[in-house]
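Chemist: how would this look folded up:
(one chain, ligands or ions: 3)
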Amino acid sequence: MALPSHHAGFCASCYLEFFARQVERGIRGQGLLTREDRVLVALSGGKDSLALALELTRQNYQITGLFIDLAIPGSSDLARGLVERFCARHGIALLVQDMAREGLAIPLVRARLRRPVCSACGKIKRYWFNRTALEGEYTALATGHNLDDEIARLTSNTLRWDQAYLSDQGPLLEGEEGFARKVKPLWRLSEFETANYAFLMGIEHHYAPCPYGKGASFTTYKHLWQQLEENMPGRKLDFYQGFLERGRPVFARQEAADGTALAPCGRCGYPTSSAICGVCRIKEAVHG
Ligand code: AMP
Ligand code: FES
Ligand code: ZN
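Modeler: Numbering: from 1, shown residues only. Ligands and ions are numbered 1, 2, ... in the order given. Got it, this is the predicted structure:
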């Protein structure tokens, strides 16, 4: 297997070692986790989050899985079965949050909301990641975002010069009052590299895209970067690391100077910049 960005070719066992080393460097380089952390890993049933959970287990981190069941017919049930089988096979404890029970089944939200459901769905997922991590006293919440996800998001944020997003994009978001610490240990690995790992480790994963989405997010930026990376191997990781070292601190200083204050949501008590948080507003729109 050839990896031009690392000027290297690998056999299967050396590849697994390479992958493990990249995860380790990603964790140590950014101070993401220690072996004392109780890590809640958000598992979607996709290859990235499953690969992440497996590699963290192999590296002796203490992890628990979290699946958010969005009640999307033909998709959530499949993903849930897959995540349950994966966790049983690898001895990983699993928590499931059922959005139908919370009155937030995505088909219902979609039918009542007059705007595209994806951003509401993202809000709901992030809210439950945070809430489950805090309630269970986990010291970190990990997601399976890879380098391609991160670079595409960075490009999108940069093209809009979105100071608020640029100030806290990265593999580590420190915890604060009402917010769990968030980490993305796969930030040094591309989608292709994670897919290879999943394949070599025999991870069964979920292909069915969400029936409500326009397809994967940031596809245009991902294609652009693929072309760039072909002509300039290693550019993606360099650009992202450069942002972390020299870009993000500047945006973060500026954002701290003009920062918005957070206060507890009037309904659920989780922090928000308005009187009622985004998820409680969605509930209100859905149930009146
Ligand atoms: P996505 O936004 O679908 O690209 O997912 C990004 C990351 O969020 C995944 O790698 C998972 O860690 C997490 N994730 C997405 N959907 C779910 C879900 N339904 N349950 C738990 N975690 C999820
Ligand atoms: Fe949330 Fe499709 S997974 S809208
Ligand atoms: Zn609320």
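Chemist: going forward, measure contacts and count neighbours with C-alpha atoms only.
Modeler: Fine.
Chemist: what are the ranges of the strands in the stretch 1-150 of the chain?
Modeler: With strands called from DSSP state E, counting those that start in this stretch, the stretch 1-150 of the chain shows them at 2-3, 8-9, 38-42, 62-69, 93-98, 140-142.
Chemist: so which of the ones you listed gets nearest F199?
Modeler: Closest approach to F199 among these (Cα to Cα): strand 2-3, 15.4 Å.
Chemist: sorry, back to before: now render the strands of the stretch 1-150 of the chain as a markdown table, adding distance to T194.
Modeler: Shown next, in a markdown table, are those (distance: least, Cα to Cα, whole Å):
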| stretch | distance to T194 |
| --- | --- |
| strand 2-3 | 12 |
| strand 8-9 | 16 |
| strand 38-42 | 16 |
| strand 62-69 | 18 |
| strand 93-98 | 22 |
| strand 140-142 | 16 |
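Chemist: could I get these as CSV with mean neighbour count, mean pLDDT and distance to ligand 2?
Modeler: Below are the strands of the stretch 1-150 of the chain laid out as CSV (neighbours: other Cα atoms under 10 Å; pLDDT from 0 to 100; distance: least, Cα to the nearest ligand atom, whole Å):
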stretch, mean neighbour count, mean pLDDT, distance to ligand 2
strand 2-3, 12, 74, 31
strand 8-9, 10, 77, 36
strand 38-42, 25, 98, 14
strand 62-69, 21, 98, 10
strand 93-98, 16, 98, 14
strand 140-142, 26, 98, 18
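Chemist: which residue is nearest the middle of this structure?
Modeler: T143 (3.5 Å; Cα atoms, centre = their mean).
Chemist: any idea how far that one is from A105?
Modeler: Distance of T143 to A105, computed by Cα to Cα, to the nearest Å: 22 Å.
Chemist: surely E229 meets F239?
Modeler: No. With contacts counted by Cα atoms under 8 Å, E229 stays clear of F239, the gap being 10.9 Å.
Chemist: compare these two and say which is more crowded by neighbours.
Modeler: E229 (16 against 13; other Cα atoms under 10 Å).
Chemist: surely the more buried one is in a helix?
Modeler: Yes. Assigned with DSSP: H, G, I helix; E, B strand; the rest coil, E229 falls within a helix.
Chemist: and the nearest residue to it once chain neighbours are set aside, what does it touch?
Modeler: The spatial neighbour of E229 that comes closest, neighbours along the chain excluded (Cα to Cα, 6 or more residues apart in numbering), is R235 at 5.9 Å. R235 sits next to 5, 228-229 when contact means Cα atoms under 8 Å, 6 or more residues apart in numbering.
Chemist: what about P211, neighbour count?
Modeler: 11.
Chemist: please report how far it lies from I72.
Modeler: Taken as Cα to Cα, the span from P211 to I72 is 8 Å.
Chemist: which positions in this structure make contact with ligand 2?
Modeler: 117-118, 121, 210, 212-213 (Cα under 6 Å from any ligand atom).
Chemist: make it 5 Å
Modeler: Counting by Cα under 5 Å from any ligand atom, the chain comes close to ligand 2 at 118, 121, 210, 212-213.
Chemist: ok, of those residues, which come out buried?
Modeler: 118, 121 (16 or more other Cα atoms under 10 Å).
Chemist: need the helices for the stretch 51-200 of the chain, in chain order.
Modeler: 76-90, 106-112, 117-135, 147-159, 163-168, 191-200 (DSSP state H, counting those that start in this stretch).
Chemist: ok, which of those comes nearest ligand 3?
Modeler: helix 117-135 (9.0 Å; Cα to the ion).
Chemist: does any part of the closest one sit near ligand 1?
Modeler: No. Residues of helix 117-135 are not located near ligand 1 by Cα under 5 Å from any ligand atom, the shortest gap being 6.7 Å.
Chemist: and if you look at stretch 219-231?
Modeler: No. Stretch 219-231 does not reach ligand 1 (Cα under 5 Å from any ligand atom); its nearest approach is 11.5 Å.
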